[in-house]
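# no sequence on this one, just coordinates:
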């Protein structure tokens with residue numbers, strides 16, 4: 001008897017909630033509940049906050065009405081957004097077309113520009129310097145290369161001529177162009193490149209899509225290819241053997257540049273130390289630290305391997321040895337003033353002899369060596 005009216009009570013409660021929700025929806029039509037809640041909260045806010053929020057919203061509507069697709073804000077629009085946001089506490093909730101982080105970024109940029117303008121030195125009244133004062137400054141600067149503005153100012157004081165230090169600096173720069181500080185890279189390379197070699201690996205894919213590795217050793221001073229090695233499995237012992245073959249009879253450099261490849265193992269480092277070679281490891285992901293070797297590897301690809309199908313290890317060895325001989329003995333090098341690496345040390349230049357020019361094919365006609373014959 002007690003359990004009988006329970007389903008009917010649940011049905012009545014469900015009808016009551018449905019009717020209450022429908023009546024609440026009619027009361028809030030056409031505005032949604034969020035707008036009604038916002039209007040109720042606005043009733044408790046100050047009039048000045050409402051005016052600022054309305055101005056911020058109205059300005060965003062003006063920007064949207066001015067744009068066709070994407071709204072574009074001018075410098076004046078950004079300045080107005082920052083000013084209105086600085087006076088309104090709930091400015092983040094009133095933004096529609098931009099994010100709060102964007103307005104904060106504009107605010108920081110404005111601060112930087114303001115302080116940059118305030119930090120500028122005030123432009124003092126430009127006083128005309130007499131010609132009889134300017135002439136001694138330029139003459140002293142040109143005749144005394146080691147004198148600075150303080151030294152020149154002291155000499156002018158001896159001549160009863162009081163000149164500001166900034167004036168001397170201005171005419172000093174005009175009379176004496178700035179000098180390069182330190183040693184030029186070309187001078188450093190010319191002095192020390194003869195004692196430096198560089199080595200690196202070049203991965204190659206043969207006709208059967210199998211990996212091959214070519215190992216090169218380059219002399220930086222002459223750009224000469226010292227050694228070429230080819231293998232499918234570059235182990236530590238194999239790489240050490242290549243260094244041993246590249247330095248026969250004690251002919252070794254003072255420094256050897258290499259990267260941080262795992263193929264260089266402890267055997268390679270021990271052999272280099274025993275031979276008196278100091279290793280120079282390049283930084284990680286810095287190919288320019290070994291620029292000469294990297295440039296040579298690019299030349300090998302562009303001038304040789306991109307035009308030949310490699311059949312296997314022996315074929316790659318023959319091709320690279322032929323290209324290395326051509327590179328050392330016949331190919332001119334831009335970095336050496338169009339000289340040939342094998343003749344860079346002697347700086348030989350052929351004469352203007354007469355004779356017929358004959359072309360000798362290299363690598364099956366991929367390149368040619370031109371010589372005069374009687």
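In hand now; what should we look at? Keep in mind that what you see is a predicted model, and the values were worked out from it rather than measured.
# Now do the residue nearest the centre of the chain, the pLDDT please.
The C-alpha lying nearest the average C-alpha coordinate of the chain belongs to residue 286 (C-alpha atoms, centre = their mean; 10.9 Å). For residue 286, the pLDDT comes out at 87.
# Counting neighbours, which bits of the one helix or strand residue 105 maps to end up buried?
Per DSSP states H and E: residue 105 is located in helix 100-119. For helix 100-119, a neighbour-count test (16 or more other C-beta atoms under 10 Å) marks 103, 106-107 as buried. Using the backbone N, CA and C atoms, a C-beta is placed for each residue, glycine as well.
# now do stretch 198-214
Within stretch 198-214, the residues that qualify as buried by neighbour count (16+ other C-beta under 10 Å) are 198-202, 204, 206, 212-214.
# Count the neighbours of residue 51 for me.
Close neighbours of residue 51, defined as other C-beta atoms under 10 Å, add up to 12.
# Mind giving me the packing neighbours of the helix or strand that it is a member of?
When secondary structure is defined using DSSP H and E, the element that contains residue 51 is helix 47-66. Using 3 or more C-beta pairs under 8 Å, 6 or more residues apart in numbering; DSSP states H and E as the contact criterion, the secondary-structure elements in contact with helix 47-66 are helix 75-87.
# still on that earlier bit, now the two most distant members of the buried residues of stretch 198-214.
198 and 206 (25.7 Å; C-beta to C-beta).
# host element of the residue lying closest to residue 304 once chain neighbours are set aside?
With sequence-adjacent residues excluded and distances taken as C-beta to C-beta, 6 or more residues apart in numbering, residue 304 is closest to residue 323, at 4.7 Å. Secondary structure from DSSP H and E places residue 323 in helix 313-329.
# Residue 225 now?
When elements are defined using DSSP H and E, residue 225 is found to belong to strand 224-231.
# quick one: that strand to helix 313-329, angle?
Going by axes from the mean of the first three to the mean of the last three C-alpha atoms, to 10 degrees, strand 224-231 is angled at 180 degrees with respect to helix 313-329.
# returning to what we had before: check which element follows the helix holding residue 323 along the chain.
Note on helix 313-329: by DSSP H and E, the next helix or strand toward the C-terminus is strand 356-362.
# and the angle for the helix holding residue 323 with strand 356-362?
Note on geometry: by the same axes, to 10 degrees, helix 313-329 and strand 356-362 are set 150 degrees apart in direction.
# ok, back up a step: give the contact list for the residue nearest to residue 304.
Residue 323 makes contact with 300, 303-304, 362-363, according to C-beta atoms under 8 Å, 6 or more residues apart in numbering.
# Tell me which two in those residues are the farthest apart.
Checking these with C-beta to C-beta, the most distant pair is 300 and 362, at 13.7 Å.
# Tell me the bridge partners for residue 205.
Here residue 205 sits in beta bridges with residue 211, going by DSSP bridges.
# residue contacts, it?
211-212, 310.
# Give me the distance from the strand holding residue 225 to the chain's centre.
For strand 224-231, the distance from its own C-alpha centre to the chain's C-alpha centre is 32 Å (C-alpha atoms, centre = their mean, to the nearest Å).
# any idea which helix or strand comes after it?
Reading on from strand 224-231 to the C-terminus, the next helix or strand found by DSSP H and E is helix 236-246.
# Which element is encountered next along the chain beyond whichever strand or helix holds residue 136?
Secondary structure assignment for residue 136, by DSSP H and E: helix 131-143. Tracing the chain C-terminally past helix 131-143 and defining elements by DSSP H and E, one meets helix 149-158 next.
# Report the inter-axis angle for the next helix or strand after that next one versus helix 131-143.
Where DSSP H and E defines the elements, the next helix or strand beyond helix 149-158 is helix 165-175. What separates the directions of helix 165-175 and helix 131-143 is an angle of 60 degrees, with the same axes, to 10 degrees.
# which other helices and strands contact helix 165-175?
helix 131-143, helix 149-158.
# and residue 21, how far is that from residue 10?
From residue 21 over to residue 10 the distance is 17 Å, taken as C-beta to C-beta, to the nearest Å.
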